[in-house]
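J.: Need coordinates for the below:
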Amino acid sequence: MRKVVICGQSQLTTAVIKTLIESSLPLELSILSSDVPAEASLDLLSQMGHNPIVKLTAKGWGEVDALVVTDFGDATGSDFQQTMLEQLRKVMSTAMAAGFQGKVLIAAHEDAVLTYFAQRFSGLAKETVIGLGTFGLSACFERLASSALKVPRRQVTAYAVGTASQPVLLWSRAYVAATPLLALLPPVDGMANPLLTQVSEAVSEYAQGEAAIFWPALVQRVLAGFFGQPLLAPLTVISDAAAWSIPVLINEDGAQVLAPMTAADAEMAALEAVQTTQAAQVAAIQGE
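T.: Predicted coordinates for the structure are as follows:
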């Protein structure tokens, strides 16, 4: 049974805990934060034959396999980033002082910045600290394409990279089996195929949607990747100057970039703009 600690104080926190209690993954859960919405109901649910919630002691940190960080408070608040960084520093300080050496999954808004600083605060290896990134946006991209073309979802590979708030859709690297997706999308009445606009709008709507509905299943799948069910997906990983989402392999060692990412010139330029924005944001927080 893998040991997972969840922290946060939001409806997203509650939704993630509920999903992990009911998960088929064999998990032992601990809730680090106080004032989690509906915590009493979560405790009751965990006693009904599902994955248990247990109290985490200081000595127990050394046996924790994964720490999941969710939102502390309202993600639309003007002080959200500052609050998250303060809470993240406290959580990582507590965990590291008690011997934590597991993996960290940032399942919170502004995960690019938070992933970068979670690694800085903890000193953990970069490949063991990741964020949800554009995983959900990519799933939305793939589902809409598979539906429009009436092909099985498993035959479609389509990635959004960058950040959830500034995604870059890699149309040039999207495929249905071995066929480029764009080859299956001819112009209509002399105009670009409408699916291009439909996907962009759907991805934007998903990014602005309710995280408590969309993200818990993603958290569960990433944890499964950590625990023996490898996953290839765009997730937030750390570079020298900042963090952003690119396709990586998730396994028991953490995140692994299999090869340098390539795409059309315009797509690479858009990703470079995201990287510049993220690096500037990190530098501003650090006071550089």
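
J.: switch to C-alpha atoms for all contacts and neighbour counts from now on
T.: Will do.

J.: Doesn't residue 67 belong to a helix?
T.: No. Secondary structure of residue 67 (DSSP: H, G, I helix; E, B strand; the rest coil): strand, not part of a helix.

J.: Show me what the longest helix along the chain is packed up against.
T.: Longest helix of the chain, by residue count under DSSP state H: helix 265-286. Applying 3 or more C-alpha pairs under 8 Å, 6 or more residues apart in numbering; DSSP states H and E, one finds that helix 265-286 contacts helix 111-122, strand 160-162, strand 167-169, strand 243-251.

J.: how about that helix: buried residues?
T.: 267, 270-271, 274-275, 278-279, 282 (16 or more other C-alpha atoms under 10 Å).

J.: ditto for stretch 214-233
T.: Going by 16+ other C-alpha under 10 Å, stretch 214-233 has these buried residues: 214-227, 230-233.

J.: rewinding a little: can you tell me which of the helices and strands packed on helix 265-286 is packed in deepest?
T.: Among those, strand 160-162 has the highest mean neighbour count (mean count of other C-alpha atoms under 10 Å), at a mean of 28.

J.: Tell me, what's the model's pLDDT at residue 164?
T.: With respect to pLDDT, residue 164 scores 94.

J.: A helix includes it, no?
T.: No. Per three-state DSSP, residue 164 lies outside any helix segment and is coil.

J.: all helices in the stretch 1-150 of the chain, in order from the N-terminus.
T.: Remark: helices assigned in the stretch 1-150 of the chain by DSSP state H, counting those that start in this stretch are 11-21, 39-46, 80-97, 111-122, 135-149.

J.: worst average pLDDT in those helices?
T.: With a mean of 91, helix 39-46 has the lowest mean pLDDT of those.

J.: picking up where we left off before, Serialize the helices and strands packed on helix 265-286 to JSON lines and add fields for distance to residue 103.
T.: What follows is the helices and strands packed on helix 265-286, written out as JSON lines (distance: least, C-alpha to C-alpha, whole Å):
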{"stretch": "helix 111-122", "distance to residue 103": "10"}
{"stretch": "strand 160-162", "distance to residue 103": "22"}
{"stretch": "strand 167-169", "distance to residue 103": "25"}
{"stretch": "strand 243-251", "distance to residue 103": "11"}
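
J.: closest one to residue 262 among those?
T.: Minimum separation from residue 262 across these (C-alpha to C-alpha) falls at strand 243-251, 10.6 Å.

J.: contacts for the helix or strand following that closest one?
T.: On the C-terminal side of strand 243-251, the closest following helix or strand by DSSP states H and E is strand 254-256. For strand 254-256, contacts defined as C-alpha atoms under 8 Å, 6 or more residues apart in numbering pick out 103, 127-130, 226, 237, 248-250.

J.: between these, which is closest to residue 111?
T.: Comparing those against residue 111 with C-alpha to C-alpha places residue 130 closest, at 8.6 Å.

J.: and the closest one, how far is that from residue 245?
T.: Counting by C-alpha to C-alpha, to the nearest Å, the gap from residue 130 to residue 245 is 9 Å.

J.: now do residue 41
T.: Applying C-alpha to C-alpha, one obtains 34 Å for the distance of residue 41 from residue 245.

J.: and what of residue 162?
T.: Counting by C-alpha to C-alpha, the gap from residue 162 to residue 245 is 5 Å.

J.: which neighbours do the two share?
T.: Common contact partners of residue 162 and residue 245 (C-alpha under 8 Å, 6+ apart): 133-134.

J.: who touches stretch 231-244?
T.: Identification of contacts with stretch 231-244 by C-alpha under 8 Å, 6+ apart yields 111-113, 115-116, 126-127, 129-135, 138, 159-163, 221-222, 225, 245-251, 255, 274-275, 278-279, 282.

J.: rewinding a little: could you dump the helices of the stretch 1-150 of the chain into a markdown table and include distance to residue 174?
T.: Converted to a markdown table, the helices of the stretch 1-150 of the chain look like this (distance: least, C-alpha to C-alpha, whole Å):
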| stretch | distance to residue 174 |
| --- | --- |
| helix 11-21 | 30 |
| helix 39-46 | 40 |
| helix 80-97 | 33 |
| helix 111-122 | 24 |
| helix 135-149 | 9 |
